[in-house]
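Asker: What follows is a predicted structure for the sequence shown.
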Amino acid sequence: AYYIKPQFQVKFSYEKTNRLPESDELFGDITNKIGNWNLKPESSNNLNLGVNYQLDIRNNRFDFGLAAIYYKAKDFIYYTFDSYSNKLKAENLLKVSNMAIEAEMRYSYKGRFTAGVNATYQDVRDREKYRTDLGIANVLSNTYKLRIPNIPYLFGNADTGYFFSNAFTKGDKLSLTYNLLYVHSFFLYWSNEGAKETKRIIPQQIAHDVNVAYSLKDGRYNIALECNNLTNSKLYDNFSLQKPGRAFNIKFRYFIYKH
């Protein structure tokens, strides 16, 4: 990382990554996944280039971040849907590349109000030009250069919060926060398979979370009320793994000793 100016930073990183198959990818989990003992470890080379800029105007602070990501993977591990067992199965792809961009912007005012938004676009594609499973040379793969299925490619978050100091008594703090989750729809299978009107799609996901937290005695006593997925939308971690619907939580926290 290098600071061109105190408020302007440029970052670059390189990473060599090796990923071993997880136990449920090798053996399955009975319920949602079937095992694949032929899985190979995944390896990849990753490049990251980013810039951060901070702007202060009196009591207003703006933070901007932008990052470009490129990686090239060998024996890439991804999930396919097995229609016979109605479960997920981990498979290897010989060559995969990803070109992604991440952007973030945050704003704060006097430590009382904050707001931010971030978004990620990733383009994960099959880069193996020829089939290797047929025993015949130079057979062009029908998935070459296609986006890897069952992986979201556009998603982001937005949040805002307001904080009250000494709201009711001296040393207390009241905070109201809101968070928005967005995931764009994506294909379950390869995009060139099947007719357009019958393609399986993981639908667009939007969720709203709200939170109210109150602390007393400079944070010694804390209580928080939160509602996740306020509109009770259908959300998914992976295919067949639906997240819970609307949920209400209450949390109490007490510091036995606090300076």
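Answerer: Looks like it came in fine. Numbering: from 1, shown residues only.
Asker: Could you confirm Phe252 falls within a strand?
Answerer: Yes - assessed by DSSP: H, G, I helix; E, B strand; the rest coil, Phe252 belongs to a strand.
Asker: quick one: pLDDT of it?
Answerer: Looking at Phe252, its pLDDT is 93.
Asker: Chain neighbours aside, what residue packs nearest to it?
Answerer: Ile223 (5.6 Å; Cβ to Cβ, 6 or more residues apart in numbering). (Glycine included, C-beta is placed from N, CA and C.)
Asker: same question, Leu176
Answerer: Nearest one to Leu176, counting by Cβ to Cβ, 6+ apart, is Tyr162 at 5.1 Å.
Asker: Then Asn48?
Answerer: Ser13 (4.6 Å).
Asker: can you count the residues close to the one you found?
Answerer: The local packing of Ser13 (other Cβ atoms under 10 Å) involves 12 other residues.
Asker: list the buried ones in the helix or strand harbouring Ser97?
Answerer: Following DSSP states H and E, one finds Ser97 within strand 87-109. In terms of neighbour count (16 or more other Cβ atoms under 10 Å), strand 87-109 has its buried residues at 87-94, 96-98, 100, 102, 104-106, 108.
Asker: Residue nearest the middle of the chain, spatially speaking?
Answerer: Phe155 (7.2 Å; Cα atoms, centre = their mean).
Asker: In contact with it, which residues?
Answerer: If you count contacts by Cβ atoms under 8 Å, 6 or more residues apart in numbering, Phe155 has them with 119-120, 181-184.
Asker: Can you tell me the SS state at it?
Answerer: Here Phe155 is recorded as strand under three-state DSSP.
Asker: what's the distance between it and Val210?
Answerer: Look at Phe155 and Val210: by Cβ to Cβ, to the nearest Å, they are 20 Å apart.
Asker: same thing with Lys196?
Answerer: Between Lys196 and Val210 the computed distance is 38 Å (Cβ to Cβ).
Asker: Might you list the low-confidence residue ranges for the protein?
Answerer: Low-confidence segments of the chain (pLDDT under 70): 134-135, 238-241, 258-259.
Asker: in what helix or strand does the residue nearest to Leu176 lie?
Answerer: Tyr162 belongs to strand 154-165, assigned by DSSP H and E.
Asker: can you pull the buried residues of that strand?
Answerer: Under the neighbour-count criterion of 16+ other Cβ under 10 Å, strand 154-165 has 155-157, 159, 161, 163 buried.
Asker: Apart from its neighbours in sequence, what residue is nearest Lys16?
Answerer: Asn45 (6.0 Å).
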